[in-house]
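Asker: A structural model of the following input is requested.
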Amino acid sequence: MDFDEDIDYIFADDLTIDDIIWMGEQFTVKELCDKVGISKILPLNKLPDFLEDKLKNRTIKILPPYRSDIKINLSILLNKTVSEVDSYISQELIEGIIEMRLIKSEEEIKYLDEIMDIAYVLHTTAMKMAKDGIYEREIAGAMVGIALANDGYVSFPIILSKHGEILHNESHENKLTNGDLLLVDAGFDSPLGYATDHTRTFPVSAKFSSKQLDIYKIVLEANNMIHSNSAPGIKYYDMHMLACKTIANGLKELGIMRGDMAEAVSLGAHALFMPHGLGHAMGLDVHDMENLGEDLVGYEKGQKRSSQFGTAYLRFARTLQPGHVITNEPGIYFIPALISQWKSENKFTEFINYAKLNDYLDFGGIRLEDDILITENKCRNMGKKRIPINPDELEATIGKL
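Answerer: Numbering: from 1, shown residues only. Next up is the predicted model:
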């Protein structure tokens, strides 16, 4: 893109007959360029001379290359070492793109709402398939199939496991049995590259135990609390803290936490149970633009990421604006290794009832995630209908294939 001359160029070659033998007939470069309004088309072998000429009296600005092969190609094109390529990375360009892409257009919002229908099918299929004796991989495989059947793919490796206490558990090796809680975190990656991202956690037996339901209701309350309070002008950092306080207060009612919950959250004691952030930007890619710098995407000028365990993992803390699309994903997890470590260190004993935690070491984890749009005066869940989340909705869906 030549900003000074207001011209966009494409350097590319049409496929050869050898390519066509293996791949079939494809669009020509010109046909593709016509679709996006680019008229300046040059052969790929002209790019080195073009750049050499421009480098004589122009500044070339690039985005951070996150694939090694691209970085190597850039080093060849610019006649620089691989390490020197970074000198062309433009902070101005990065920040401009972030500001543009964070606010979704009406067309983008309409499209995201449409692909949420596929996300609904993905997750309700998982619920309907869940039953005693089925393997996790069977459900995950069916979900991938649905994504492929809709001309897309899953937007990240599916997290589907009865060990929901492992935050990014991509193993699908377990056979499900009645009594298990199944955590399913999955999304659809559309033909245009836009993504969805939802998490539901539900009992394989279609019926929560009283212990499971107690924890589930706390997470659901936190999710709904964020939905009710997110609006333009509100910092998502404050929403993260609200979710943490809601979780801490709920755990206190169960006797798992104790003492002053405002102080406990301020000091980070709650992070034993929610050691991650509330959400992230979403759009073109499930963690939208984070290759441009997670802090630049999720934090505005003057905001500093916390170094406190748990809150340090908050990916999005900005002041909310109309057009922001973000995830709302509170959770409660009982991670045996983390509990053991904190207990051995006598950490936060004034806030955590470690004796009570002995009853939860095999509990697993619960996360409930929705994709939300910040509107002109509040927020809403994206899509025509919310993926089943209330206990009675789940019990009416699970195992009903």
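
Asker: buried stuff in stretch 196-207?
Answerer: 196, 197, 198, 199, 200, 201, 202, 203, 204, 205, 206 (16 or more other Cβ atoms under 10 Å). Bear in mind the C-beta positions are built from the backbone N, C-alpha and C, glycine included.

Asker: just checking, the third one touches residue 371?
Answerer: Translated: residue 198. Yes. Between residue 198 and residue 371 there is a contact under Cβ atoms under 8 Å: 6.6 Å.

Asker: overlap of the contact sets of those two?
Answerer: By Cβ atoms under 8 Å, 6 or more residues apart in numbering, residue 198 and residue 371 have these common neighbours: residue 119.

Asker: if we can go back for a sec, what about the buried residues of stretch 196-207, which are in strands?
Answerer: The strands, defined by DSSP state E, take in 198, 199, 200, 201, 202, 203 from the buried residues of stretch 196-207.

Asker: sec struct for residue 326, please.
Answerer: strand (DSSP: H, G, I helix; E, B strand; the rest coil).

Asker: residue ranges in the stretch 1-150 of the chain under the pLDDT threshold?
Answerer: In the prediction, the stretch 1-150 of the chain carries no residues with pLDDT under 70.

Asker: residue boundaries of the helices in it?
Answerer: For the stretch 1-150 of the chain, the helices defined by DSSP state H, counting those that start in this stretch occupy 17-23, 29-36, 47-55, 68-78, 91-102, 106-129, 136-149.

Asker: my read: residue 209 touches residue 203, true?
Answerer: Yes. With contact defined as Cβ under 8 Å, residue 209 and residue 203 form a contacting pair (7.4 Å).

Asker: thinking residue 389 is in contact with residue 201, fair?
Answerer: No. Under the criterion of Cβ under 8 Å, residue 389 is not in contact with residue 201, lying 9.7 Å apart.

Asker: nearest residue to residue 271 other than its sequence neighbours?
Answerer: residue 310 (2.7 Å; Cβ to Cβ, 6 or more residues apart in numbering).

Asker: what does residue 202 give?
Answerer: Using Cβ to Cβ, 6+ apart, the closest residue to residue 202 is residue 394 (4.7 Å).

Asker: just the buried positions in the helix or strand containing that neighbour, please.
Answerer: If you go by DSSP states H and E, residue 394 is part of helix 391-397. Buried residues in helix 391-397, counting neighbours by 16+ other Cβ under 10 Å, are found at 391, 394, 395, 397.

Asker: as a markdown table, those with distance to residue 258 would be great.
Answerer: Converted to a markdown table, the buried residues of helix 391-397 look like this (distance: Cβ to Cβ, whole Å):
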| residue | distance to residue 258 |
| --- | --- |
| 391 | 27 |
| 394 | 30 |
| 395 | 32 |
| 397 | 36 |
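
Asker: returning to that earlier point: what about the residue nearest to residue 202, distance to residue 207?
Answerer: Using Cβ to Cβ, to the nearest Å, we find residue 394 at a distance of 10 Å from residue 207.

Asker: I figured residue 147 hits residue 190, correct?
Answerer: No. Contact status for residue 147 versus residue 190: not in contact, 9.2 Å apart, counting by Cβ under 8 Å.

Asker: just the helices in the stretch 151-300 of the chain please.
Answerer: For the stretch 151-300 of the chain, applying DSSP H, counting those that start in this stretch gives helices covering 210-229, 236-253, 261-267, 294-298.

Asker: residue 98: what's it in contact with?
Answerer: With contact set as Cβ under 8 Å, 6+ apart, residue 98 has these partners: 289, 292, 296, 297.

Asker: which of these sit farthest apart?
Answerer: Based on Cβ to Cβ, the longest span within the contacts of residue 98 runs between 289 and 296 and measures 8.2 Å.

Asker: neighbour-wise, which of these two wins?
Answerer: Per other Cβ atoms under 10 Å, whichever of residue 289 and residue 296 has more neighbours is residue 289, with 22 against 16.

Asker: just to check, that one is in contact with residue 297?
Answerer: Yes. Counting by Cβ under 8 Å, residue 289 does reach residue 297; the two are 4.8 Å apart.
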